[in-house]
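J.: What follows is a protein structure lacking sequence information:
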């Protein structure tokens, strides 16, 4: 068996040179997608039965009927607080309950009253709130929903007639009831047969269409015991040409139309060295789409965890800029419109329509539904060093020492699967890592940390405690026949814990306790990989859809599996500290709501320039749907980067939220000092820039945690009316005040950055040179260049004393960079807490200051008077960009006024005030006279 496992894993690794598309389905190979896509627009069989309308304080219900087969659906409409509408469609009387996604919403969304405005034979008009003059119009024949604001149609549902709901039915060759009947309860609760009028054509479909009751892909057969259960609904967005989101795909930020090609697929899969610029599914799935134009931003959240396909079409697709200009000159009246169709294999239609109207509003609306980004320990925002695998304790010690010898800071060193005893997670290889606590203590003494991998496939081994406990407690996922589901993964034969069970998640969390996870300490954190779940010998390298989670099939839960694994792991890290310490957990698979539990990375990329480029739109897309703590493997996981590519990737990664270098087992070692002194210096400088900006990064994640706003964001989020920004994904903003245009072209001698904002100014973050906004600026670059600009009107805190880790810098002083607007004003914030506990939330232990420059006065004001936190950190320097030369600079603090030393560089109009000495948490005023 050992040789068989080795052969299987060897084939798996060596075949990962490039993605094998044949391992993964197209829409035509996915029976439900093919069926749904074959439907013709404009032929909707659904009609609203207006006489069934019921209106209560919180919702409207209305029955729909399919005139082809007489199956009735129940439509539920909710007006939610915060300018959102929820639409649910389910079978009125299903043969058995249909799956509804649990645990993703943070609570039952609070509702607002709906009121009836008018009703006639053709439809119903409901008020969504007088303040915005919003109406919801229900048209009866065919059924259609329109959301309007004043005279403007914001969004239409089923306007193309592509609502399709495959009802649960009894298979014709096995049904116990008479042909063509289903049962329903009569008034007394007894069951009586009710005729279901199926057309001859539909009956033939049941018999003849492949894949309705059984489906085979390659050598795998899906038994489909419930038959066809897919659902579909179309949405039309008048006035919209740009839609974003629905990660994870290795594609541009702006989603493409899918006419004549493959739809975007959302189905968590282990895809090796994925191809770029196509809609294939990857490791995670967040069924959230944003629509944006110069007047409004809206969002759609399709709450369904089954395999999902998304079609996008546009009436302006394919038109050149010249063609659009010609339309304008000729007075063409066609309004741009984007049509989106969602198709899922099972479950119900449950969609949240977020009506904005601003990007910030949409982020807040979505956060109110699924929660905000977890607030990471500050060390998690620093630099991480990883590879598959550091060989043993001596190797870890040597790498740790190498960072010190070359004066490069880092916070986390990582261990991949080889650190375990035979791929048994929660264990250590007794020969390579015989004393894990000694190893952890050595890096703890330097105020550093470690991450070890814990995957959710469990080696089937009667001598392995974790396996025995899961089996004994009946916590494994079951196969269709009721036995424990087993598949092949890194350990060989493996079982897969059923994380959909709360009891299983509780048990898993308990395994991270220090007395359970032998060798663990408080500076050991966790990485969940392979949690799509990855099954080497399964269909599409994942689990069979007819595997069982209690009463439900895996097809219903699939995209939630990684979400639950990360949830349980994060809970375990919190519990082991008695609820005091914030966790750090990295996951590869994710779903809506995963932002609540930690970080995500873009998976098994390659050491190629295009993979460096694609890391930007991939993380931007994740940020738009709530997941801000995103990064890509610096240097590329597969293959070997050139030194130029490696340096440019460090420079890019230093300005992305999650900053980790990682490499494949078969690649040459690539610690930062292995490429000659010149390249070591370039990498050192990139990493040090990250460390100087940690106060700003940390503050941005605090704001993301408290408001739901993304940290790394596209330019259009802050400049929503500037159409020049709508397609941009080679540059980005960190918060609203730093603009980054990484160098991602081989041999580049310059880049052209777009600086947005009419009447605004931007300052080069390195040279302090001032540039006007609303222009494309050519920037000559050398190998040391990282084009970064600070927005005029902002104040950004930095720490310039870079030490071996972020923890070593916690008491160090701050430097404030004050970039003046053309109106000679600026504002910013300073946030400080202990960097690692929940005390900021449970005890209000933090400093939050508002920093303002106006009328030649820089002042600090307390934003949280009730908060109590003492920090020894102080302000050691203030650098004012775009300043004039004052006669003197005075500090007012504690009732005293003190003259301060300063320097003025007239060549770039920069004023530097040295050693003003204010406490970072105090009230003070610095006055230019």
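T.: Looks like it came in fine. Keep in mind that what you see is a predicted model, and the values were worked out from it rather than measured. Residues are numbered from 1 along each chain as shown.

J.: Distance-wise, check residue 575 relative to residue 516.
T.: 11 Å (C-beta to C-beta, to the nearest Å). Backbone N, C-alpha and C define where each C-beta goes, glycine included.

J.: Residues in contact with both of those two, list them for me.
T.: Here residue 575 and residue 516 have residue 510 as joint contacts, going by C-beta atoms under 8 Å, 6 or more residues apart in numbering.

J.: Any stretches of this protein with poor pLDDT?
T.: Flagging of the chain using pLDDT under 70 yields the residue ranges 1-17, 130, 174-208, 317-333.

J.: Which residue ranges of the stretch 301-450 of the chain form helices?
T.: 321-329, 359-370, 393-405, 436-445 (DSSP state H, counting those that start in this stretch).

J.: For residue 627, which of those helices is the nearest?
T.: helix 359-370 (10.2 Å; C-beta to C-beta).

J.: which strands and helices sit next to the closest one?
T.: Other helices and strands packing on helix 359-370, by 3 or more C-beta pairs under 8 Å, 6 or more residues apart in numbering; DSSP states H and E, are strand 84-91, strand 288-292, strand 297-302, strand 349-354, helix 694-707, helix 715-718.

J.: can you list contacts of it?
T.: Counting by C-beta under 8 Å, 6+ apart, 81-84, 104-106, 109, 288, 290, 292, 297-299, 301, 352, 354-356, 592-593, 595-596, 624-626, 707-710, 716-717, 720 sit against helix 359-370.

J.: Mind checking which of these are buried?
T.: Among the contacts of helix 359-370, those classed as buried by 16 or more other C-beta atoms under 10 Å are 82-84, 104-105, 109, 288, 290, 292, 297-299, 301, 352, 354-356, 592-593, 595-596, 624-626, 708-710, 716-717, 720.

J.: Could you export the helices and strands packed on helix 359-370 to JSON lines, including columns for distance to residue 114?
T.: As requested, those are exported to JSON lines (distance: least, C-beta to C-beta, whole Å):
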{"stretch": "strand 84-91", "distance to residue 114": "9"}
{"stretch": "strand 288-292", "distance to residue 114": "23"}
{"stretch": "strand 297-302", "distance to residue 114": "19"}
{"stretch": "strand 349-354", "distance to residue 114": "14"}
{"stretch": "helix 694-707", "distance to residue 114": "28"}
{"stretch": "helix 715-718", "distance to residue 114": "31"}
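
J.: Quote the end-to-end distance of stretch 651-665.
T.: Taking C-alpha to C-alpha, to the nearest Å as the measure, stretch 651-665 stretches 24 Å from start to finish.

J.: Over to stretch 891-905?
T.: Termini of stretch 891-905 sit 21 Å apart (C-alpha to C-alpha).

J.: wait, isn't residue 150 in contact with residue 128?
T.: No. Applying C-beta atoms under 8 Å, one finds residue 150 not in contact with residue 128, separated by 11.9 Å.

J.: the more surrounded of the two?
T.: residue 128 (24 against 9; other C-beta atoms under 10 Å).

J.: For the nearest residue to the more buried one once chain neighbours are set aside, which residues are in contact?
T.: Residue nearest to residue 128 in three dimensions, not counting chain neighbours: residue 134, with 3.7 Å by C-beta to C-beta, 6 or more residues apart in numbering. Contact analysis of residue 134 by C-beta under 8 Å, 6+ apart lists 127-128, 147-149, 154, 355.

J.: wait, which of those is closest to residue 834?
T.: For those, the nearest to residue 834 is residue 355 (39.2 Å; C-beta to C-beta).

J.: What's the separation between the closest one and residue 717?
T.: 17 Å.

J.: One more: residue 396?
T.: From residue 396 to residue 717 the distance is 40 Å (C-beta to C-beta).

J.: cool, and residue 369?
T.: In terms of C-beta to C-beta, residue 369 sits 19 Å off from residue 717.

J.: which residues does the spatially closest residue to residue 412 that is not a sequence neighbour bridge with?
T.: Closest residue to residue 412 apart from its sequence neighbours, by C-beta to C-beta, 6+ apart: residue 384 at 4.3 Å. Beta-bridge pairing of residue 384 under DSSP bridges involves residue 412, residue 660.

J.: how about CSV for the helices of the stretch 301-450 of the chain, with distance to residue 614 and mean neighbour count added?
T.: Compiled in CSV, the helices of the stretch 301-450 of the chain are given as follows (distance: least, C-beta to C-beta, whole Å; neighbours: other C-beta atoms under 10 Å):
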stretch, distance to residue 614, mean neighbour count
helix 321-329, 25, 11
helix 359-370, 23, 23
helix 393-405, 28, 16
helix 436-445, 33, 17
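
J.: closest one to residue 854 among the ones you listed?
T.: Nearest to residue 854, of the helices of the stretch 301-450 of the chain and by C-beta to C-beta, is helix 359-370 at 23.7 Å.
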